[in-house]
Each structure stands twice: as structure tokens, then as C-alpha cells.
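Colleague: give me a 3D structure for the following:
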Amino acid sequence: MSLKILKYVFFDLMRSRFVLTYIGILAFISFGVSYFSNDEMKTVLTLLNIVLFIIPLVSLIFGSIHFYDSGEFTEFLLTQPVSRSSVFRAEYLGLSLALSLAVVAGLLPAVIIDRLSVGNVYLLGISVILTFVFTGLAYLASSMNIEKVRGIGLSIVIWLFMAVIFDIIVILLIYLFRDYPLEKFIIILTSLNPIDLGRILLLLKTDVSALMGFTGASFKNFFGSSIGMLLSIAALFLWVLIPYLLAIRIFRRKNF
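Modeller: Next up is the predicted model:
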């Protein structure tokens with residue numbers, strides 16, 4: 001039953017105007033960046049900056065809107081012999097997979113033009129993981145709020161904090177405590193933000209890490225090692241798992 005719901009949600013979303021427009025915009029951007037750039041590294045870094053801005057925003061806002069707009073459909077499913085967990089899981093996976101496929105399809109022109117490389121593989125992988133992370137956060141924010149405006153508003157606040165405010169706080173801490181050894185603290189702090197974590201993982205797979213100075217060397221020593229790589233990937237998957245588990249717990253107890 002849950003598999004049928006998943007298929008319905010996925011294919012319904014893949015036919016929606018929003019997802020098709022999302023694919024078109026990403027494809028236009030990735031083709032333009034790849035076509036006018038003669039350097040693969042510059043292409044990957046430019047697309048990374050665009051992806052880290054667009055994916056969290058789209059996943060959070062569209063995820064929240066979809067959660068509320070599918071409320072009647074969800075209520076109907078809950079009258080059927082299917083558990084709440086199965087309904088939530090199908091809705092979440094259907095949306096996450098649809099948005100992930102849209103991202104991969106949108107970035108495909110860049111992969112075709114530049115050919116498959118380590119940078120492109122990491123870019124696609126990080127984009128997919130971030131889609132799951134912020135879709136889960138969108139469902140968590142929506143599950144916590146009955147009113148649609150509050151749920152979408154909370155999603156926007158999450159995006160602002162993760163994409164803008166968090167980096168300002170890190171820069172401010174580095175400036176205020178610049179006379180103290182902050183390398184280990186900054187590494188731990190960076191792991192608390194999936195956007196920064198994804199950015200650093202991809203940068204360290206390019207030659208740009210050599211231009212990041214002593215801080216870049218600290219990141220490379222940790223994230224570039226096998227243990228650091230495993231821990232960073234584990235941290236990203238925790239960012240996928242924890243919001244999902246919290247959201248499904250709230251959803252089970254929610255009154256419809």
C-alpha cells in the first residue's frame with residue numbers, strides 16, 4: 001500500500017508544472033555556466049554556489065506547500081487500512097525523490113558538456129543529499145504548525161539561518177577570537193550546518209582548497225582524511241535522518 005502511495009506521489013509531482021519548471025531553470029543555468037566556462041573547476045564551483053542557494057530554498061518552501069496542499073489527500077489515506085508512518089514515509093520519499101531527480105536532470109547538461117568527473121559526481125551527490133535534508137526540515141516545520149502561514153514562515157526562517165545567518169555568526173566568531181586557535185572549534189561548528197558541510201566536502205575535492213590558507217589546510221587535514229570523510233558523510237546522513245524521525249513522530253500524534 002505504501003509503495004503505491006509513493007509511486008502516485010512521485011509521478012504526480014514529476015508531472016507538475018513546478019517540478020518541470022525547476023528542471024528547466026536548473027538545466028538552463030547549468031548549460032549556460034558550462035558552455036561559457038572553459039574550466040571544469042570554475043564550472044563546478046559556480047554551480048555549487050548556485051545549488052547551495054537554490055536547493056535548500058526550493059526544498060523548504062515547496063516541501064511545506066506540498067505538505068499543506070496534500071492535507072485532504074493525506075486525511076483520505078488515513079481512513080484506509082494503512083498506518084500513519086507508511087503515509088508519511090510515502091509522502092516524504094515521493095517528494096524527496098521527485099526533487100532529487102529534478103536536480104540531477106537539471107545539472108545533467110553540465111555533466112554532459114564537462115564529462116563525468118569527480119567534481120561533478122560530488123556535486124550531484126551533495127545536491128541529492130541536501131534535497132533530502134531540507135525536505136525533511138520542511139516536513140518537520142510543517143508538522144509542528146497547523147497553520148500554513150506559520151509552517152512556511154518557519155521554513156523560510158530555517159533557510160535564512162542556514163544559508164545566511166550561520167555564516168555571519170562563524171565569520172564574527174573568527175574575527176572576535178582571531179588571536180585564539182579556533183581550527184577545531186570551526187570544524188565542529190561547520191558540521192552543524194549541512195550547507196557548509198557540503199560546500200567544504202566539494203571544495204576539498206578541487207584545487208581550491210590550496211587557496212584557502214591555514215584554515216583550508218586544517219579542513220583538508222580533517223575532512224580530507226578517510227576518517228574525516230566518513231564522519232562528514234555520517235553527519236550529512238544524520239541531517240537526513242534526525243529531521244525525518246522528529247517529523248514522523250509529530251505526524252503520528254497529530255490530529256487531523
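Colleague: can you map out the helices along the stretch 1-150 of the chain?
Modeller: All helices of the stretch 1-150 of the chain, identified by DSSP state H, counting those that start in this stretch, fall at 2-14, 17-36, 40-69, 71-78, 84-114, 118-144, 148-160.
Colleague: what angle do helix 40-69 and the first one make with each other?
Modeller: So the one you mean is helix 2-14. For helix 2-14 against helix 40-69, the angle by axes from the mean of the first three to the mean of the last three CA atoms, to 10 degrees is 110 degrees.
Colleague: output helix 2-14 as PDB - backbone C-alpha positions only.
Modeller: Extracted C-alpha coordinates of helix 2-14, given in PDB (Å, rounded to 0.1, in the frame of the first residue of the first chain):
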ATOM      1  CA  SER A   2       2.800   2.500   1.000                       C
ATOM      2  CA  LEU A   3       4.600   1.600  -2.300                       C
ATOM      3  CA  LYS A   4       1.500   2.500  -4.300                       C
ATOM      4  CA  ILE A   5       1.200   5.800  -2.400                       C
ATOM      5  CA  LEU A   6       4.900   6.500  -3.100                       C
ATOM      6  CA  LYS A   7       4.500   5.900  -6.800                       C
ATOM      7  CA  TYR A   8       1.400   8.000  -7.000                       C
ATOM      8  CA  VAL A   9       3.100  11.000  -5.200                       C
ATOM      9  CA  PHE A  10       6.300  10.700  -7.200                       C
ATOM     10  CA  PHE A  11       4.700  10.500 -10.700                       C
ATOM     11  CA  ASP A  12       2.100  13.200  -9.800                       C
ATOM     12  CA  LEU A  13       4.900  15.500  -8.700                       C
ATOM     13  CA  MET A  14       7.000  14.700 -11.800                       C
END
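Colleague: in that helix, which residues are buried?
Modeller: Buried positions in helix 2-14, judged by neighbour count with 16 or more other CB atoms under 10 Å: 2, 5-6, 9-10, 13-14. The C-beta positions use only the backbone N, C-alpha and C, and glycine is treated the same way.
Colleague: give me whichever of the helices of the stretch 1-150 of the chain is most buried.
Modeller: Counting by mean count of other CB atoms under 10 Å, helix 118-144 has the highest mean neighbour count of those, with a mean of 23.
Colleague: and that helix, how far out from the chain's middle?
Modeller: Computed by CA atoms, centre = their mean, to the nearest Å, the chain-centroid distance of helix 118-144 equals 2 Å.
Colleague: check stretch 244-255 too.
Modeller: 21 Å.
Colleague: contacts for that stretch, please.
Modeller: 84-85, 88-89, 92, 136, 139-140, 143-144 (CB atoms under 8 Å, 6 or more residues apart in numbering).
Colleague: please redo it, this time with the cut-off set to 7 Å
Modeller: Residues outside stretch 244-255 that contact it (CB atoms under 7 Å, 6 or more residues apart in numbering): 84-85, 88, 92, 136, 139-140, 143-144.
Colleague: got a list of what the residue nearest the centre of the chain touches?
Modeller: The centre of the chain sits closest to Leu130, judged by CA atoms, centre = their mean, with a distance of 1.8 Å. Counting by CB under 7 Å, 6+ apart, Leu130 makes contact with 55-56, 194, 198.
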